[in-house]
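# I would like the atomic coordinates for the input below:
(one chain, ligands or ions: 1)
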Amino acid sequence: MSQETKLFTREELKCRNTREDAILIIHNGVYDVTHFLDEHPGGEEVLMDLAGKDASEPFEDVSHSSDARQLMGKYKIGELVEADRTAAKPAYAPQWTNDTPAENNSWSSWLVPLLLGIAATVIFRYMFL
Ligand code: HEM
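Predicted coordinates for the structure are as follows:
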């Protein structure tokens, strides 16, 4: 899609949710799946449930193959206008975050037993030696 990319707003796409005219929004791209409904290996039902809406998350939840991603290109009719786009994120973004509280936990997880060990050694020495 090198020349003119057709731009759509989410508002105007909302009503395109019938078997005669079904579109999906996936990662800010707009896909006309009307003629794909019958052929979709995952069934027509899942596509119709999401027609007119943003299907990026359900699409990724299914872990579609690279073949499926290539096939999508055939149905792309345009993209969302700048104002309606969501922030791009990698297709295989991990669902967890590595933030600092986890590191704090690992600190205390060995510090507490260590202090208990030292305390036990001191008490043992005073009482029995
Ligand atoms: C233009 C968009 C889409 C295309 C081109 C597409 C294509 C495909 C293809 C080729 C497969 C076969 C398995 C594979 O190669 O990954 C598949 C399976 C499937 N798709 Fe899609 N798909 C699209 C959108 C969606 C969406 C929005 C959903 C919503 C949940 C969905 C749900 C499924 C499910 C449930 C399967 C069956 C998985 C299985 O039985 O193993 N698909 N799709």
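
# could you pull out the strands for the chain?
Counting by DSSP state E, one finds strands in the chain at the ranges 7-8, 17-18, 21-26, 29-32, 76-80.

# which one of these is the most hemmed in?
Comparing the strands of the chain by mean neighbour count (mean count of other CB atoms under 10 Å), strand 21-26 comes out on top with a mean of 21. C-beta here means a position set from N, CA and C on the backbone, and glycine is covered the same way.

# and that one, C-alpha only, in PDB?
Output in PDB follows, covering the C-alpha atoms of strand 21-26 (Å, rounded to 0.1, in the frame of the first residue of the first chain):
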ATOM      1  CA  ASP A  21     -20.200  -5.600   5.000                       C
ATOM      2  CA  ALA A  22     -17.800  -6.800   7.700                       C
ATOM      3  CA  ILE A  23     -14.600  -5.000   8.700                       C
ATOM      4  CA  LEU A  24     -12.100  -5.500  11.500                       C
ATOM      5  CA  ILE A  25      -9.600  -3.100  13.000                       C
ATOM      6  CA  ILE A  26      -6.300  -4.900  13.800                       C
END
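
# contacting residues for Pro41?
If a contact means CB atoms under 8 Å, 6 or more residues apart in numbering, then Pro41 has no contacts.

# stretch 39-49 close to the ligand?
Yes: using CB under 6 Å from any ligand atom, we find that stretch 39-49 touches the ligand at His40, Pro41, Gly42, Val46, Leu47.
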